[in-house]
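>>> Next come a sequence and a model predicted from it.
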Amino acid sequence: MDFDLSWILLGLPLAFALGWLASRMDLRQIRQENRQAPKAYFKGLNFLLNEQQDKAIDAFIEAVQKDPDTSELHFALGNLFRRRGEYHRAVRVHEHLLSRADLSKEDRDRAQHGLAQDFLKAGLLDRAEEALRRLEGTSHEAQARLALLAIYERSRDWEQAADIARRMQTSHQGDFSGRLAHYLCEQAHEQTSNAQLQAATPLLLEAVHIAPQSPRPRLELARVQHRLNQSQAAWQTLQELAQATPQSFPLAVPLMLEVAAAAGQQEAAAQLLRSRYAQAPSLDLLDALVALNVAPTTEPDSDSRDWYVQHLGQEPSLVAATKWLAGEKLVHEEHHPAVQKALEHASKPLTRYRCAACGFEARQHFWHCPGCQSWDSYPARRVEEL
């Protein structure tokens with residue numbers, strides 16, 4: 001059978017025409033898809049700006065389906081899911097990003113940070129910790145360490161918290177000396193709770209060295225020394241506290257009275273209390289002077305209750321007035337118990353401590369606010385004295 005070359009000559013233009021038509025169709029489809037993807041993206045952005053998150057998510061999902069290689073759309077979806085509380089969907093988005101081999105290192109770190117935030121918001125602290133630790137050495141390292149610090153505080157893992165605080169202090173991410181001192185004090189408190197007083201002492205000494213202007217390490221150290229029957233050492237520590245942080249000295253007054261009695265330093269304690277009261281009058285200091293039967297001034301006074309009246313001359317105080325009135329005789333003595341009870345009820349809230357950050361009030365002083373989790377937010381003065 002002879003092969004006819006004319007068919008080849010006729011087929012070449014036809015093949016060329018078909019190829020040209022196919023390329024035109026492909027280009028038209030690509031252009032159409034490229035127009036649709038930005039259109040869906042901007043539609044989602046418009047819904048997001050109008051706080052229509054449901055419609056924004058639908059638009060972004062449509063855009064991702066048409067252009068699955070766009071990482072920015074995935075990040076936008078992940079953030080939207082997390083804000084809506086759909087943490088499992090946010091996790092899936094960020095895990096999908098991390099599984100892509102073509103993702104740049106910057107986007108990979110960003111996706112890892114987003115995944116850690118998903119776990120944090122979902123309350124999965126163990127998985128959040130693992131995700132955050134993978135951000136060491138990245139541009140998100142500082143934020144990851146702060147988040148890890150919050151996790152360890154929340155779980156009361158003070159040893160790990162201290163390690164993170166040391167790293168942040170070393171890398172000059174801020175001054176964490178006060179926070180680190182608290183972590184060491186918390187570790188010491190756990191040791192003393194287990195009757196390991198000797199093990200608590202070096203922790204507290206390190207805390208004093210790290211944060212010499214913080215009152216808690218010296219206060220806790222004096223308490224441990226007192227329990228170890230080292231009364232003279234405890235007295236010396238309390239004297240250092242009064243000199244280093246005089247504004248916090250009222251917190252140490254109850255312990256100081258015990259230590260002074262054990263060390264035979266009642267007279268020195270009275271002088272210290274009188275000196276501090278002259279500089280900054282406080283009901284805690286005045287109560288201690290009354291307990292020692294020492295007048296707050298050098299003038300002799302026959303009745304210690306009258307010292308509360310003298311205090312009223314310096315600061316108006318319902319608490320001091322209530323304590324003075326407790327021993328007074330009224331004209332209508334039969335009404336005295338009811339009046340006294342009413343005054344005590346009214347003055348009781350004034351003896352609380354109040355957080356300066358959130359306003360949470362408590363009968364005892366806290367170093368770590370149970371309301372807002374702030375450190376050192378409680379002044380050493382009662383509500384009435386603020």
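All right, it came through fine. Numbering: from 1, shown residues only.

>>> Flag the shaky bits of the stretch 1-150 of the chain, pLDDT-wise.
Scanning the stretch 1-150 of the chain for pLDDT under 70 picks out the ranges 1-70.

>>> which residues does the nearest residue to Phe249 once chain neighbours are set aside contact?
Excluding its sequence neighbours, the residue lying closest to Phe249 (Cβ to Cβ, 6 or more residues apart in numbering) is Ala242, at 4.8 Å. Where you see a C-beta, it was placed from the backbone N, CA and C, and this is true even at glycine. Ala242 makes contacts with 249, 252, 272, 276, as judged by Cβ atoms under 8 Å, 6 or more residues apart in numbering.

>>> most neighbours, which of those residues?
In terms of neighbour count, Phe249 stands highest of those at 25 neighbours, by other Cβ atoms under 10 Å.

>>> in stretch 175-191, what counts as buried?
For stretch 175-191, a neighbour-count test (16 or more other Cβ atoms under 10 Å) marks 176-191 as buried.

>>> Just give me the closest of the residues you listed to Leu289.
Taking Cβ to Cβ as the measure, Leu289 sits nearest to Cys185 out of those, at 28.8 Å.

>>> looking at it, the closest one is touching Glu220, isn't it?
Yes: under the contact definition of Cβ atoms under 8 Å, Cys185 touches Glu220, with a separation of 5.3 Å.

>>> count of residues packed around Arg133?
12.

>>> same question but for Ala161, I mixed them up
Ala161: 25 neighbours (other Cβ under 10 Å).

>>> List the contacts of the spatially closest residue to it that is not a sequence neighbour.
Distances taken as Cβ to Cβ, 6+ apart place Tyr152 nearest to Ala161, at 3.8 Å, with adjacent residues excluded. Taking Cβ under 8 Å, 6+ apart, we find Tyr152 in contact with 158, 160-161, 164.

>>> Show me these that map onto strands.
Secondary structure from DSSP state E places none of the contacts of Tyr152 in strands.

>>> Take the contacts of Ala242 and write them to CSV, including secondary structure.
Listed next are these as CSV, based on DSSP: H, G, I helix; E, B strand; the rest coil:
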residue, secondary structure
Phe249, helix
Ala252, helix
Leu272, helix
Arg276, helix
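
>>> Return the member of those nearest to Leu120.
Ala252 (38.1 Å).

>>> got a list of contacts for the helix or strand hosting His209?
Assessed by DSSP states H and E, His209 sits inside helix 197-210. Outside helix 197-210, the residues that touch it by Cβ under 8 Å, 6+ apart are 177, 180-182, 184-185, 187-189, 191-192, 214, 216-218, 220-221, 224-225, 227-228.

>>> Quick check: closest non-adjacent residue to His140.
His140 sits nearest to His113 (Cβ to Cβ, 6+ apart), 4.4 Å away.

>>> my guess is the one you found meets Gln143, correct?
Yes: in this structure, His113 is within contact of Gln143 by Cβ under 8 Å, at 7.1 Å.

>>> which stretch of helix or strand covers the residue nearest to Phe249?
Using DSSP H and E, Ala242 falls in helix 231-244.

>>> packing partners for the helix or strand just after that helix?
With elements assigned by DSSP H and E, the helix or strand that comes after helix 231-244 is helix 253-263. With contacts taken as 3 or more Cβ pairs under 8 Å, 6 or more residues apart in numbering; DSSP states H and E, helix 253-263 sits against helix 215-227, helix 231-244, helix 266-279, helix 283-292.

>>> Great, nothing more from me.
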